[in-house]
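**Q** compute the structure for the input listed below.
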Amino acid sequence: MATASAPWRSLSLLLCLGFGLTLAACEPDLEEGKVCSVASGDTCAPGYACVRERCTEVLARGQECNIGNASTGAVPCAEGLVCRAATTGKNTCQASSTQGGACLQDSDCVSPSVCRKRSASATASCEALAAFGAFCEATSDCESGLTCATSSVDGSRACE
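**A** Take a look at the predicted model:
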């Protein structure tokens with residue numbers, strides 16, 4: 001997303017006014033439909049993102065979306081929302097899931113929870129990182145310092 005954070009925006013505005021600098025940050029935020037470039041530091045107005053070199057309105061809760069990000073051409077959801085599958089079978093902008101909520105990927109969960117299954121057949125949900133001996137699919141499911149290993153006895157996977 002090309003929108004600058006408030007502290008950076010305040011500092012850059014001070015530099016623009018006080019020193020007469022010519023920076024991309026000195027230009028006003030670009031409105032919907034205006035040509036933009038993340039590489040040159042263009043910022044779109046609040047509520048907009050630079051997608052395919054145009055300022056595009058971000059999506060609100062419940063709007064249909066495509067999983068991806070602005071660099072892949074997917075219009076992003078508004079801040080605090082993620083694009084994920086809804087019960088309708090279509091992807092929509094939704095709030096991140098808290099621990100125990102359904103998910104498809106880690107970004108669907110409120111940090112530091114991760115999206116994982118309790119067993120190979122279970123539906124994925126947002127969970128705390130797995131402790132020693134807990135089921136895992138990958139090392140990223142495990143607490144810091146642990147790895148996800150396969151048991152030579154029964155083939156199950158657990159954090160060690």
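
**Q** what's the distance between residue 129 and residue 113?
**A** 8 Å (C-beta to C-beta, to the nearest Å). Just so you know, the C-beta spots here come from the backbone N, C-alpha and C atoms, and that holds for glycine as well.

**Q** compare these two (neighbour count), which wins?
**A** residue 113 (21 against 17; other C-beta atoms under 10 Å).

**Q** surely the more buried one and residue 98 touch.
**A** Yes. Between residue 113 and residue 98 there is a contact at 7.3 Å, judged by C-beta atoms under 8 Å.

**Q** common neighbours of the two, please.
**A** residue 126 (C-beta atoms under 8 Å, 6 or more residues apart in numbering).

**Q** residue 90 versus the residue positioned nearest the centre of the chain, what's the distance?
**A** With the centre of the chain defined as its mean C-alpha position, the nearest residue by C-alpha atoms, centre = their mean is residue 107, 5.3 Å away. According to C-beta to C-beta, residue 107 stands 18 Å off from residue 90.

**Q** lowest-confidence helix or strand of this protein?
**A** Lowest mean confidence among the helices and strands of the chain (mean pLDDT, DSSP states H and E): helix 6-19, at a mean of 47.

**Q** what's the first helix or strand after it?
**A** strand 48-51 (DSSP states H and E).
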